[in-house]
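Q: Need coordinates for the following:
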Amino acid sequence: MRRIPLSRRSHVTGFHGLPTGAVEYESALERDFVLLTLFEDPAVRVRSQPITLNFEHEGRQRRYTPDYLVEGGGRFEVVEIKYEADLQRLAAQLQPGFDAARNWAAQSGGTFRVATERTIRGPRLLNARRLLPLRTVPVDPELARAVTAAAKQIDTPTFGRVVDSISADRMQVLATVWRLIARGELKVDLSEPIGFATAVTAR
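A: The predicted model follows:
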């Protein structure tokens, strides 16, 4: 079943690849949500338009299809994606469906939430766009060990200090640090832009 979007704002359709299969999106914001979800937890399963709920509101039969179901690793979350402006403008129209989804999710042992550009877009999404493609890029094992060791040995290690401490081709060291961050081998604060002053911790 396909839905006609309530708003044509940034109306983009397509599919995003996940380890568990392709996930459909109908807007740029939905695309960004799927990418961010994949980046933050690649083990979860994301299903597009997972269920259509039939309910009664003010004596009329209504239907509502939430955008996504995210499940796996103890997570069961029904998610609706909306731009803030549309959420405010269509609040009265949308609320009954949201209530139905919240009740259904609770009965299924999960939760319901509405995600907007405020929670989806920002430094974390920018980091996801940069790092996600690097997760599958090969890493030189010897150089990776040297980078990890440096991050453990340096007092107050930062991206820049780790790079400067390795006696090897600087571009290769930089690439290795980025790939290790992408893989989670080096931990950083992903809610902030990543640069040479970024603190790093070896896993």
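
Q: Walking through the protein, point out its helices one by one.
A: 28-40, 84-89, 91-107, 117-120, 123-131, 141-153, 159-165, 170-183 (DSSP state H).

Q: nearest to Val78, of these?
A: For the helices of the chain, proximity to Val78 was assessed by Cβ to Cβ; helix 91-107 is nearest, at 4.4 Å. Bear in mind the C-beta positions are built from the backbone N, C-alpha and C, glycine included.

Q: Buried residues, that closest one. List them.
A: Neighbour-count burial for helix 91-107, counted by 16 or more other Cβ atoms under 10 Å, picks out 94, 96-98, 100-102, 104-105.

Q: Put together JSON lines for the helices of the chain, with mean pLDDT and distance to Arg47 on each row.
A: JSON lines is the format used below for these (pLDDT from 0 to 100; distance: least, Cβ to Cβ, whole Å):
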{"stretch": "helix 28-40", "mean pLDDT": "95", "distance to Arg47": "11"}
{"stretch": "helix 84-89", "mean pLDDT": "97", "distance to Arg47": "22"}
{"stretch": "helix 91-107", "mean pLDDT": "98", "distance to Arg47": "13"}
{"stretch": "helix 117-120", "mean pLDDT": "97", "distance to Arg47": "18"}
{"stretch": "helix 123-131", "mean pLDDT": "97", "distance to Arg47": "20"}
{"stretch": "helix 141-153", "mean pLDDT": "98", "distance to Arg47": "35"}
{"stretch": "helix 159-165", "mean pLDDT": "98", "distance to Arg47": "36"}
{"stretch": "helix 170-183", "mean pLDDT": "98", "distance to Arg47": "25"}
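
Q: Now distance to Ala202 too, for the ones you listed, in a markdown table please.
A: Shown next, in a markdown table, are these (distance: least, Cβ to Cβ, whole Å):
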| stretch | distance to Ala202 |
| --- | --- |
| helix 28-40 | 20 |
| helix 84-89 | 39 |
| helix 91-107 | 38 |
| helix 117-120 | 30 |
| helix 123-131 | 17 |
| helix 141-153 | 4 |
| helix 159-165 | 9 |
| helix 170-183 | 9 |
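
Q: which of these sits most buried?
A: helix 28-40 (a mean of 21; mean count of other Cβ atoms under 10 Å).

Q: now that one against helix 170-183, angle please.
A: 100 degrees (axes from the mean of the first three to the mean of the last three Cα atoms, to 10 degrees).

Q: Helix 28-40 packs against which elements?
A: strand 14-18, strand 21-25, strand 45-48, strand 68-72, strand 75-81, helix 117-120, helix 123-131 (3 or more Cβ pairs under 8 Å, 6 or more residues apart in numbering; DSSP states H and E).

Q: One more pass at 6 Å, please.
A: With contacts taken as 3 or more Cβ pairs under 6 Å, 6 or more residues apart in numbering; DSSP states H and E, helix 28-40 sits against strand 21-25, strand 75-81, helix 117-120, helix 123-131.
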